[in-house]
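Q: okay, here's the prediction I keep looking at, along with the sequence it came from:
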Amino acid sequence: MNNKKGFVNIVLIVLVVILAGAVGYFALVKKSPTSTSEIQPTNDIPSQQTPPVTTKNPPVTAPATPTLSADKKSVVADGKVLLAIDSDIIFNWFKTKSQLCDGYNLTSTPDRKMFCENKTSFNSKTRFSSIVVSPDRMKIGFTIESNTLTPDKVVGIFSRSANAVNLLGGYYLGNEFIGFSPNGTNFIYQGGCFEGMCGLYVKNSETLADKASLSDSEFADARTRTATFVRWISDNEVEYKLGSELKRASF
């Protein structure tokens, strides 16, 4: 009987141990967190970066080419009048510097006073005989003629950027604006005439500084041959004729 009791006790002890082990195992499994390795999606496609927005500068538009109006009373470009023959500067130059309106000249003919003092009269009798446009279209050389004391003329230059008019030399027979150098740095005109004998004058287009005076004499009344422009060799060299002699000048 005692042996059975002992066997039962052993069995109970074994069962208790097994039960305790099972409980401990399940408790341990429950406490330990489940490690799940989440696979992060990988993007093997290279990221596309948006290219920086580049601001394109608008194309530079060349200024419209100036032309002479049909009535030769104005210089126009793109439908706008750049210079009119009766502008204050031109009108006042004729009144004060052309000698047409000085002393006896003012009363020498019946209509001279009207020409000198009335813009409408001045406009009706005066015109641009020709214009020459610089390579960059920003300067216009011009020659003006009038019914008064025809065929005398005066030359000038107009700057679009400065809106400035400059008349060059006097009002005399033979004056003529000839043209600009290849890149427009300088220009040449015929002037300083006496009895039809003229010289050539080269000036800087921007500053109007003198670059060259081409003639057979410094004094107009001593000239015996006319200097005639032939061609530009470069911006700083011209070919011209003095009478029938071909010459070159650098400046």
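A: Looks like it arrived, so ask away. Quick caveat: nothing in here was measured; it's all calculated off a predicted structure.
Q: list the buried ones in stretch 101-113?
A: In terms of neighbour count (16 or more other Cβ atoms under 10 Å), stretch 101-113 has its buried residues at 101, 112. Placement of C-beta: from N, CA and C, glycine included.
Q: so how far is that stretch from its chain's centroid?
A: How far stretch 101-113 lies from its chain's middle: 44 Å, per Cα atoms, centre = their mean, to the nearest Å.
Q: you'd agree Arg231 is up against Glu239?
A: Yes. Counting by Cβ atoms under 8 Å, Arg231 does reach Glu239; the two are 5.1 Å apart.
Q: comparing those two, which residue is more hemmed in?
A: Comparing Arg231 with Glu239 by neighbour count (other Cβ atoms under 10 Å), the higher total belongs to Glu239, at 13 against 9.
Q: please name the nearest non-neighbouring residue to the more buried one.
A: Val230 (4.3 Å; Cβ to Cβ, 6 or more residues apart in numbering).
Q: can you list the domains in the chain?
A: Per the record, the chain has its domains at 64-172, 174-251, by automatic domain parsing.
Q: now render those domains as TSV, adding mean pLDDT.
A: Formatted as TSV, the domains of the chain follow (pLDDT from 0 to 100):
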stretch	mean pLDDT
domain 64-172	96
domain 174-251	96
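Q: follow-up on the earlier one: pretty sure the residue nearest to Glu239 is in a helix, no?
A: No. Counting by DSSP: H, G, I helix; E, B strand; the rest coil, one finds Val230 to be strand, located in no helix.
Q: just give me the neighbour total for it.
A: Every residue meeting other Cβ under 10 Å relative to Val230 is counted, giving 12.
Q: now do the same contact list for it.
A: Residues near Val230 by Cβ atoms under 8 Å, 6 or more residues apart in numbering: 238-241, 246.
Q: quick one: which of the residues you listed is most hemmed in?
A: Among the contacts of Val230, Val238 has the most neighbours (other Cβ under 10 Å), with 25 neighbours.
Q: ok, that residue to Phe219 distance?
A: According to Cβ to Cβ, to the nearest Å, Val238 stands 22 Å off from Phe219.
Q: ditto for Thr228
A: According to Cβ to Cβ, Thr228 and Phe219 sit 19 Å apart.
Q: settle it for me: which of these two has more neighbours?
A: Thr228 (16 against 9).
Q: neighbouring strands - and their directions - for the helix or strand hosting Ile131?
A: Taking DSSP states H and E as the criterion, Ile131 maps to strand 126-133. Sheet pairing of strand 126-133 (DSSP bridges) gives strand 139-146 (antiparallel).
Q: starting at the chain centroid, how far to the partner strand?
A: With Cα atoms, centre = their mean as the basis, strand 139-146 stands 22 Å off its chain's centre.
Q: mind listing residues that contact that strand?
A: 66, 75, 82-83, 85, 90, 94, 115, 125-134, 151-160, 175-180, 184, 187, 189, 205.
Q: before we move on, what about stretch 213-226?
A: 174, 192-202, 227, 238, 240, 242-243, 247, 249.
Q: may I have it as PDB, with CA atoms only?
A: C-alpha atoms of stretch 213-226 as PDB (Å, rounded to 0.1, in the frame of the first residue of the first chain):
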ATOM      1  CA  SER A 213      39.700 117.000 -92.800                       C
ATOM      2  CA  LEU A 214      40.500 116.100 -96.500                       C
ATOM      3  CA  SER A 215      41.100 118.900 -99.000                       C
ATOM      4  CA  ASP A 216      43.900 120.600-100.900                       C
ATOM      5  CA  SER A 217      43.800 123.600 -98.500                       C
ATOM      6  CA  GLU A 218      42.800 124.400 -95.000                       C
ATOM      7  CA  PHE A 219      41.100 127.500 -96.200                       C
ATOM      8  CA  ALA A 220      37.900 127.100 -98.200                       C
ATOM      9  CA  ASP A 221      38.600 130.200-100.400                       C
ATOM     10  CA  ALA A 222      42.000 128.800-101.400                       C
ATOM     11  CA  ARG A 223      40.700 125.500-102.700                       C
ATOM     12  CA  THR A 224      41.200 124.600-106.400                       C
ATOM     13  CA  ARG A 225      40.200 121.000-106.400                       C
ATOM     14  CA  THR A 226      37.200 119.200-104.900                       C
END
